[in-house]
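Undergrad: requesting a structural model of the entry that follows:
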Amino acid sequence: QPAPMAARLLIAILAFGITWSLTLGMLIRISRRLEGEAAMGTMIIGYNWLQFYMRALAVLPLIVFLLTDSAKIMSFLALPCFALSISLLWGMLRRALPQTEWTVIVGIIICMGIVILIASFLAAMIGALFYTPTPRAV
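TA: The predicted structure is shown next:
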């Protein structure tokens, strides 16, 4: 049995809140490091508006899986969607900040890695709370 919908929804909301806050904090830190305090408001607004498109790209492989029932097609589509999300974020930062450098890309990659770790941890929590192993037949 899957976890109850309320628990899955709570974990999804927590994961989104944690990752959104963490990513926004990382972007503010990058902005301060690159002397972009004047552009900080523009960057925050741009990042918040970009969330819709990034979430749509994250859901696209799942929609394809639900329509085709093919994990191979979903896996094939996931990496380009992830790369497009990173490039959208990079484009927004390049336009919002007065200067950008390679550390911005490293910060984004580290942040995305932390997001994946948090989502994996929260998914493992759901599994640990609601998984009941079936008894083995002897």
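Undergrad: where does the residue nearest to the spatial centre of the chain sit: helix, strand or coil?
TA: Central residue of the chain (CA atoms, centre = their mean): Val115, 5.5 Å from the mean position. Secondary structure for Val115, judged by DSSP: H, G, I helix; E, B strand; the rest coil, is helix.
Undergrad: just give the nearest non-adjacent residue to it, would you?
TA: Nearest residue to Val115, sequence neighbours excluded (CB to CB, 6 or more residues apart in numbering): Thr19, at 4.4 Å. Glycine gets a C-beta too; all of them are placed from N, C-alpha and C.
Undergrad: residue contacts, that neighbour?
TA: For Thr19, the contacting residues are Ile114, Val115, Ile118, Ala119, by CB atoms under 8 Å, 6 or more residues apart in numbering.
Undergrad: okay, it: pLDDT?
TA: pLDDT recorded at Thr19 is 79.
Undergrad: returning to that earlier point: from the contacts of Thr19, which would you call buried?
TA: Neighbour counting by 16 or more other CB atoms under 10 Å classes Val115, Ile118, Ala119 among those as buried.
Undergrad: number of nearby residues for Leu27?
TA: 25 (other CB atoms under 10 Å).
Undergrad: for it, give me its contacts.
TA: Applying CB under 8 Å, 6+ apart, the residues near Leu27 are Met43, Ile44, Tyr47, Leu93.
Undergrad: following whichever strand or helix holds the residue nearest to Val115, which helix or strand comes up?
TA: Element membership for Thr19, per DSSP states H and E: helix 5-33. For helix 5-33, the following helix or strand on the C-terminal side (DSSP H and E) is helix 40-68.
Undergrad: what's the angle between that following helix and helix 5-33?
TA: Calculated by axes from the mean of the first three to the mean of the last three CA atoms, to 10 degrees, helix 40-68 forms an angle of 140 degrees with helix 5-33.
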